[in-house]
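Undergrad: I need the structure of the sequence given here:
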Amino acid sequence: MTIKVGTASWTDPTLIKSKRFYPPGCSSAEGRLRFYATQFPLVEVDSSYYAMPSATNSVLWAERTPGDFTFNIKAFRLFTGHQTDRAMFPKDMQAALPQNGKKNLYYRQVPGDVLQELWRRYLEAIEPLREAGKLGAVHFQFAPWMLNNIEGRKHVEHCADVMAGYTMAVEFRHESWFADAERTARTLAFERERGLVNVIVDEPQGPANSIPAVWEVTNDDLALLRLHGRNHATWNIQGATASSARFNYDYDDDELDGLATQIYEISRAVAQTHVVFNNNFEDQGQRNAQTLMSILGAGTISS
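TA: Residues are numbered from 1 along each chain as shown. Model prediction:
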């Protein structure tokens, strides 16, 4: 088994501004990634959610990291059911978008040929990482309004069809997927049938856009845990200028020790386990990841 620990993003503005992670003089894109990769064996690429990724960046990322480094990469927001600003589409494709007077578009509103081309470009952009053996999971964090109903499951199935041959991780964000034992069992069965990785989350409980931590394996190759923090006050904060404000939470050693036990247990059932800290306010995620690595014994544990 192998356990890899890392963080969501390595260039969050609050992380850089804090000046507590990168050493003095480490200010270039290349320098930061190279340094990050000396501290952790795994990172989650979040920029690919906000805008389409590029093959040029993928090549550079592969070149700037060790051979056993892993990139999990988030799916483009349009694919996961989120509203998407026209400006986030490739410039040469914007003229083909429906002229309905709306600034934001949803997946169902985009013409089929445009969708097909977006998928093609997305897969082309991440291909250098796969060729280098550094592509881990492609992470689909579905919108909070993606319900566990016929329409919701159909869209997940569609994404799974497009992503055939890749490791697709699924993070649901509406309570209907895991609202009770029966629906939890159906969701897990659905994920197992399609070979999807059930994303285990650690996050505030109670709101409709929260799901419980379901410590179940649905793909023998990978277990994935994402830690969002436990800050109830900021989970649905209004008017935040950056997403990091939602995840302002510093795990204490007792919390991390408890998580380490669960991580170790679930890692015995899969080939690899990825642990991603998404509490990305300042250097919280990096510090917590380093502490967890110390508790587990190392950044990469193999046996």
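
Undergrad: Give the residue spans of this protein that score low on pLDDT.
TA: Scanning the chain for pLDDT under 70 picks out the ranges 240-242, 298-303.

Undergrad: quick one, longest helix in it?
TA: When the chain is scanned for its longest helix (criterion: DSSP state H), the result is helix 112-131.

Undergrad: In terms of secondary structure, what does that helix contact?
TA: In this structure, helix 112-131 makes packing contacts with helix 47-50, helix 55-63, strand 70-74, strand 135-141, judged by 3 or more Cβ pairs under 8 Å, 6 or more residues apart in numbering; DSSP states H and E. Where you see a C-beta, it was placed from the backbone N, CA and C, and this is true even at glycine.

Undergrad: want to throw those into JSON lines with distance to V114 and mean neighbour count?
TA: Shown next, in JSON lines, are those (distance: least, Cβ to Cβ, whole Å; neighbours: other Cβ atoms under 10 Å):
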{"stretch": "helix 47-50", "distance to V114": "18", "mean neighbour count": "18"}
{"stretch": "helix 55-63", "distance to V114": "20", "mean neighbour count": "17"}
{"stretch": "strand 70-74", "distance to V114": "20", "mean neighbour count": "24"}
{"stretch": "strand 135-141", "distance to V114": "19", "mean neighbour count": "25"}
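
Undergrad: Those: which one's closest to S243?
TA: Nearest of these to S243, taken as Cβ to Cβ: helix 47-50 at 9.4 Å.

Undergrad: on that earlier part again, okay if I get the helices and strands packed on helix 112-131 as JSON lines plus distance to L296?
TA: As requested, these are exported to JSON lines (distance: least, Cβ to Cβ, whole Å):
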{"stretch": "helix 47-50", "distance to L296": "28"}
{"stretch": "helix 55-63", "distance to L296": "25"}
{"stretch": "strand 70-74", "distance to L296": "16"}
{"stretch": "strand 135-141", "distance to L296": "18"}
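
Undergrad: What ranges does the stretch 101-250 of the chain have for its strands?
TA: For the stretch 101-250 of the chain, the strands defined by DSSP state E, counting those that start in this stretch occupy 104-105, 135-141, 168-171, 197-202, 222-227.

Undergrad: how about the ones you listed in a markdown table, adding distance to I3?
TA: Shown next, in a markdown table, are the strands of the stretch 101-250 of the chain (distance: least, Cβ to Cβ, whole Å):
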| stretch | distance to I3 |
| --- | --- |
| strand 104-105 | 39 |
| strand 135-141 | 13 |
| strand 168-171 | 16 |
| strand 197-202 | 13 |
| strand 222-227 | 9 |
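
Undergrad: closest to E63 out of these?
TA: Minimum separation from E63 across the strands of the stretch 101-250 of the chain (Cβ to Cβ) falls at strand 135-141, 14.4 Å.

Undergrad: tell me how far that closest one is from the chain's mean position?
TA: Distance of strand 135-141 from the chain centroid (Cα atoms, centre = their mean, to the nearest Å) equals 6 Å.

Undergrad: helices and strands around it, which ones?
TA: Packing contacts for strand 135-141, counted by 3+ Cβ pairs under 8 Å, 6+ apart, involve strand 70-74, helix 112-131, strand 168-171, strand 197-202, strand 222-227, strand 272-277.

Undergrad: List the buried residues for the second one?
TA: When burial is assessed from 16 or more other Cβ atoms under 10 Å, helix 112-131 yields the following buried residues: V114, L115, L118, W119, R121, Y122, L123, A125, I126, P128, L129, R130.

Undergrad: swap in the last one?
TA: The neighbour-count criterion (16+ other Cβ under 10 Å) identifies Q272, T273, H274, V275, V276, F277 as the buried residues of strand 272-277.

Undergrad: The closest residue to the third one other than its chain neighbours: neighbour count?
TA: Nearest residue to H274, sequence neighbours excluded (Cβ to Cβ, 6 or more residues apart in numbering): L224, at 4.8 Å. Residues contacting L224 under the criterion other Cβ atoms under 10 Å number 26.

Undergrad: Hmm, V201 and L224 touching each other?
TA: No - using Cβ atoms under 8 Å, L224 is not in contact with V201; the gap is 9.5 Å.

Undergrad: quick one on the thing from earlier: closest one to K4 among the helices and strands packed on helix 112-131?
TA: strand 70-74 (6.0 Å).
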